[in-house]
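A.B. asks: my questions concern the predicted model and sequence given below.
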Amino acid sequence: MNEQRYTYRVQWMVLIGAALLLLLLFGAWIGEGLNKEWRTVQKEYARILSEKSADDGMLQDEFEWGIFQVDLPHFNRNDRCISCHHGLENPEMKEMSQPHATHPGTFMEDHPVQQYGCTICHGGQPGALSKEEAFGRLSETHWPTPLLEQPYIQSSCGKCHLAVFSDEEEEGEDKGLPGARDGMEVFLTGLTIFSTEGCLGCHQARGVGGILGPDLTEQGEKTKHEYSFQNISGEQTISNWLKEHFRDPEMVSPGSQMLRINLEESEMEALAIFVMGLAKPEIPFEYFSLATLNEFKGERESMEGKKGYSYLCSACHGKTGEGKGYEDFKTGIPAIGNPDFRRVASREYIRFTLEKGRSLRQMGSWTSRISGMHPEELDEITLFLKGSGNHIESREIPLSGADVTRGLLLYERYCRTCHGEEGGGEVAVALNQDGLLSRAGNEFLTRTLLNGRGNTAMPGWSHLQDDQLADLIATISSWRNNTVSPAPVALPEADLEQGALRYHFLCSRCHGEFGEGETGPSIINRDFLEAADDRFLYETIAMGRVHTAMFGWSTDVYNQEKLEPEDISNIIGFMRESAGGELTYVYPGSNPGESEAGRLLFDQRCAECHGKSGDGQKAPALNNQEFLSAASNGYLLATITVGRAGTAMPSWGYGTEEYPVLSGKERVDLVAFLRSRQRIRIKY
Amino acid sequence: MESKGTPDKKQRVGIITRNFFLHIHATRVHVHSMKPTYTFGLGIILGFLFLVMVFTGVILMIYYTPSVETAYQSVKDIVNIVPGGRIIRNMHRWASQGMIIVVFLHLIRVFYTGSYLGNRSLNWVIGVVLLIITLLSNFSGYLLPWDQLAYWAVTIGSNIAASARELTDLLGITNWLDPGGFLKKLLIGGEVVGQPALSRFFALHVIFLPLTMLVLMGIHFWRIRKDGGLSRPAKYASDKGGENKWYAWPVLMWTELALLLLVVVVVLFVAVVADAPLLEKANPVFPENPAKSPWYFLGIQELVSYSAFAGGMLVPLLYLVFLFSIPYRDREDRYVGEWFSGKQGTTIVMRSALFALLLVVIQLVVIIRFGWLRDWFPGISQWFVMLINPATITAGFFVVVAEWIHWKTRSTRMAALVLFTCSMVALVIFTVVGIWFRGPNWEFYWSVNQWPVI
């Protein structure tokens, strides 16, 4: 190889290389500088503008080329969408196709681009200048928040506007957003579904709800990476993940205990959109609505009972309180909407259970500290579950046309099993004697029948027809010999301290330290004291009740202190005062049965469903300490007696072919046995 | 130096000697050095790639901000907004990858032509140092975009730097003597990659390493002059004066210009058609799976998957020790200037390559199909796992075979050929496995399509 030829060759290489270089540079210059997508789009826009101005005959404003952006330091981004979407705020562009079209709806009036940009609602990549990059949908763009289209974009409304617990009509006065709900229909549907499916039973959102599942307050801010798509076969998007998750949580997230949600496709989508809108974005506070900010702070209007139930309880206990059977759910879920349950369960029982939950079961404690529910809201749910509007129901039962014979039949059917033959009394008080009836007027009977007596074994009978109730009242009244005096009794003012002392030393040994009933009935009892007027109480205390151990305290009884009217007044005052007091314990009340006999009975009759030691197999666990602390003996007796129609619990007081009747003594023995299973007394 | 003959030649000499930038060249170059098939111009290509890096790097530096809050966005802005920014960034990225490949090719060329022999030992050492600096430059630049790829790659790299901890943990002395932790802290300024890591990587990448490289490159070129130009075979050893030499001007200049254009055209072309990767912004909460260090470290990462210390410290250090020591153990100057050192050398190289291929592939098959010690003996002491794994076994075999060849052929050159060939083949295979066949959780997959969704 000589130098000449070598040099020659190399010089050729230089020439070709230089030519290629110039070509490449030129091509790159054209491609990078001139052939940009946004330039093409702006050229198109300028053309449209000039066409329009030619049509209008008006002079066109000079169109400025270039990259346009909105600086949004408060959102930590610069949105360049308007470089291509230049017609966004130009009303003339209404009929144009994208990217030139005007923004639909009235959103721009309340969300001007210069203040909000675009990506805070629409998602996508703010800094991008090409369609694919801006949309951020393809995995190659590596953008965590892709562009949202209808209906998913409605989830973005939720990020600032959502107030989960407030009622539909949001004032919005501080933000001046009339019609803020336009365009949020699907999202609002999702909110409704969220509120009726009972999601907050396991999940928390904005401080309210259960703690079994993850907190959903910021679920909408999660990006694709924070979801596991391992078991998702369909579209690998967040909305699809959510929908599949709702359909079959255990498949999507193995180990999940979440129940399946049964909804139509459109409802699933609405719910998914709602969940995508649950967020707490880190933007300045001025951008949120007032209700939203308050919710973040933890302040909100108290929910009424039905709403609270629907948000928290309906997922497990059912939209109508129907519960879940043991085939559907391993430990069953009680049917708390069951009419038989409602009439035997006292307010205290329900409230206590709400407060303490039930150990070894999915029913958690809903106490304020854990669930974020206000105590008043829990009270409201209690009342809702109890089923009473005003908590003391009383109404006029027209007695004309009442038939004692029919009433006797009813009595035989419903009442005899506790109140004995012809009202003679058995495990419940005797009804056929003047000692009671001369003081208890029809008002008293009506109230007692309708409401029952909380925490005793007397259930409510408000499900009976008015004529049936009238018959019963007439029947009971037929045992009355002396009429009831209608005159109110004048009592001196009560000294509560004295009353407390008197009660403690004189009454408590029979009626229980807290009036819950011992050998005597439960008298510091809200339902009783609202049915019984002062005359009833005074006369009973003063005169006693014949044929019972209650002697008259104003009568001469050997070795017994004689009470003056002031004393009795004090006692009555004390009783009424205590009955309205705060719940501390649910006192079990009278327990005359024998637990040993009860145990034998239990093994024979109850263990098949309730388990050998009452730990629950195909029926609720009866040895559960929270249950036993919530349930008075009266509740136990009532449940055993009445049964629970609609569930597998038979009525042992009335009996069926398969489950023959248990006598009063047997039932009371069972109660004693159950009570003996209580090892700790849980305080409210 | 005395002028040679005619005024024309005097002029040619003068152009070289009187120009600051050109006078690093010799005034005359040997014909053999100009053979494309001898050097393939790799050294010069490398130098020009470095020039491209500096040029594009300075432009990038104008727009880039080395702060964790703004770094990612600044790179996005370079790509999206700066006119030509996309191309400049791509050029910087692809030229950097090219540099790594070419530096290894150059190393291979220099070794196989025996160009470390004679008085070129020091230049070889400088070259190996330059290799390390190149790798570090690439690694430090890798972090700067602050995306998921960068963050986790450097996290992996920093943990490989800490792999001495495996040994100190086994000895139970980590609390008193923790060279692994020290190295990691030196590298990234903390336990996790964060702003300190970004700041020091930026300083290393734009100032310290380029300056060091520049100085070393200067010495490297100066050594070439001192060592009498590029190496050539013994038959040219007796050439004196102008025998078999061409004047550097203009042929060498044309050649260099041609190579410069070649380099720029190739880099520019690749930059125009292929975009440098940029993943999501770095998020310390969500590791990539698999999290892979830059591709040239994936061979080491594969070895680290067998044993942190053996794969991350021991074997790489041994390899470096080997590289540095080659010119001091092998003094058989008669082999200089000849690719593969004749028939014997060629045979030995081919056989070593085959041997290395078989050894590595068989071990890979075993470890991938059947697992290794920890799978067969779950309770076995980590000492065994650390000392007996494909990294150490491979290294051990290579050393033993090299020594055996040394004994058999009585030649250090042959032994060096064996060890170099074996280790290069093994490095390539492990790197290939690490790049293409390792998926999430470092499990073996034949292709990316088979990777499970996680």
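C.D. replies: In hand now; what should we look at? Numbering: from 1, shown residues only, chains lettered A, B, ... in the order given.
A.B. asks: near the residue of the stretch 301-450 of chain B found nearest chain A, how many other residues are there?
C.D. replies: Using C-beta to the nearest C-beta, the single residue of the stretch 301-450 of chain B nearest to chain A is B:Pro440, 10.7 Å away. Placement of C-beta: from N, CA and C, glycine included. Look at B:Pro440: counted by other C-beta atoms under 10 Å in any protein chain shown, it has 14 neighbours.
A.B. asks: and it, what is it in contact with?
C.D. replies: Contacts for B:Pro440 were tallied using C-beta atoms under 8 Å, 6 or more residues apart in numbering or on different chains; they are B:289-290, B:451-452, B:454.
A.B. asks: show me which of those residues neighbour chain A.
C.D. replies: Subset of those in contact with chain A: B:452, B:454, counting by C-beta under 8 Å from any C-beta of the partner chain.
A.B. asks: my read: A:His419 touches A:Leu436, true?
C.D. replies: No - contact status for A:His419 versus A:Leu436: not in contact, 11.0 Å apart, counting by C-beta atoms under 8 Å.
A.B. asks: the host helix or strand of B:Arg109: which residues count as buried?
C.D. replies: Element membership of B:Arg109, judged by DSSP states H and E, is helix B:85-112. Neighbour counts using 16 or more other C-beta atoms under 10 Å in any protein chain shown place B:85-100, B:102-104, B:106-107, B:109-112 of helix B:85-112 among the buried residues.
A.B. asks: ok, longest helix in chain A?
C.D. replies: Longest helix in chain A by number of residues (criterion: DSSP state H): helix A:3-29.
A.B. asks: what's the first helix or strand after that helix?
C.D. replies: Following the chain from helix A:3-29 toward its C-terminal end, the next helix or strand by DSSP H and E is helix A:37-56.
A.B. asks: average pLDDT across that following helix?
C.D. replies: Mean pLDDT, helix A:37-56: 85.
A.B. asks: just the CA atoms of it, as PDB, please.
C.D. replies: Taking Å, rounded to 0.1, in the frame of the first residue of the first chain, the C-alpha atoms of helix A:37-56 are listed here in PDB:
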ATOM      1  CA  GLU A  37     -46.200  18.000  15.800                       C
ATOM      2  CA  TRP A  38     -47.200  21.100  17.600                       C
ATOM      3  CA  ARG A  39     -46.100  23.300  14.700                       C
ATOM      4  CA  THR A  40     -48.300  21.300  12.400                       C
ATOM      5  CA  VAL A  41     -51.200  21.700  14.700                       C
ATOM      6  CA  GLN A  42     -50.700  25.400  15.100                       C
ATOM      7  CA  LYS A  43     -50.500  25.800  11.400                       C
ATOM      8  CA  GLU A  44     -53.800  24.100  11.100                       C
ATOM      9  CA  TYR A  45     -55.300  26.300  13.800                       C
ATOM     10  CA  ALA A  46     -54.000  29.400  12.100                       C
ATOM     11  CA  ARG A  47     -55.600  28.300   8.900                       C
ATOM     12  CA  ILE A  48     -58.900  27.700  10.600                       C
ATOM     13  CA  LEU A  49     -58.700  31.100  12.200                       C
ATOM     14  CA  SER A  50     -58.100  32.800   8.900                       C
ATOM     15  CA  GLU A  51     -60.900  30.900   7.300                       C
ATOM     16  CA  LYS A  52     -63.300  32.000  10.000                       C
ATOM     17  CA  SER A  53     -62.200  35.600   9.800                       C
ATOM     18  CA  ALA A  54     -62.600  35.400   6.000                       C
ATOM     19  CA  ASP A  55     -66.100  34.100   6.500                       C
ATOM     20  CA  ASP A  56     -66.800  36.800   9.100                       C
END
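A.B. asks: show me what the next helix or strand after it packs onto, helices and strands only.
C.D. replies: Using DSSP H and E, the helix or strand that directly follows helix A:37-56 along the chain is strand A:70-72. Using 3 or more C-beta pairs under 8 Å, 6 or more residues apart in numbering or on different chains; DSSP states H and E as the contact criterion, the elements in contact with strand A:70-72 are strand A:77-79, helix A:113-116.
A.B. asks: hmm, back to that, overlap in contacts, A:His419 and A:Leu436.
C.D. replies: Contact criterion C-beta under 8 Å, 6+ apart; residues shared by A:His419 and A:Leu436: A:429-430.
A.B. asks: measure the residue nearest the centre of chain A to chain B for me?
C.D. replies: Nearest to the centroid of the C-alpha atoms of chain A, with distances taken as C-alpha atoms, centre = their mean, sits A:Leu312, at 2.2 Å. The spacing between A:Leu312 and chain B, counted by C-beta to the nearest C-beta, to the nearest Å, is 31 Å.
A.B. asks: and what of A:Gln433?
C.D. replies: As it turns out, when the distance is counted by C-beta to the nearest C-beta, A:Gln433 lies 76 Å from chain B.
A.B. asks: so that residue sits against A:Met550, correct?
C.D. replies: No - the pair A:Gln433 and A:Met550 does not pass the contact test of C-beta under 8 Å, sitting 11.5 Å apart.
A.B. asks: quick one: contacts for the one residue in the stretch 201-350 of chain B that gets nearest to chain A?
C.D. replies: Minimum separation of the stretch 201-350 of chain B from chain A (C-beta to the nearest C-beta) falls at B:Leu261, amounting to 3.0 Å. When the contact criterion is C-beta under 8 Å, 6+ apart, the partners of B:Leu261 are A:13-14, A:17-18, A:20-21.
A.B. asks: what does the pLDDT read for it?
C.D. replies: Each residue has a pLDDT score; the one for B:Leu261 is 95.
A.B. asks: buried sites along the helix or strand where it lies?
C.D. replies: B:Leu261 belongs to helix B:248-273 when assigned by DSSP H and E. Taking 16+ other C-beta under 10 Å as the neighbour-count basis, helix B:248-273 is seen to contain the buried residues B:248-272.
A.B. asks: for the host helix or strand of B:Gly181, give the mean pLDDT please.
C.D. replies: With secondary structure defined by DSSP H and E, B:Gly181 is part of helix B:179-188. Taken as a whole, helix B:179-188 carries a mean pLDDT of 93.
A.B. asks: now the next helix or strand after that helix: buried residues?
C.D. replies: Using DSSP H and E, the helix or strand that follows helix B:179-188 in sequence is helix B:195-203. Residues of helix B:195-203 classed as buried under the neighbour-count rule (16+ other C-beta under 10 Å) are B:197-198, B:200-202.
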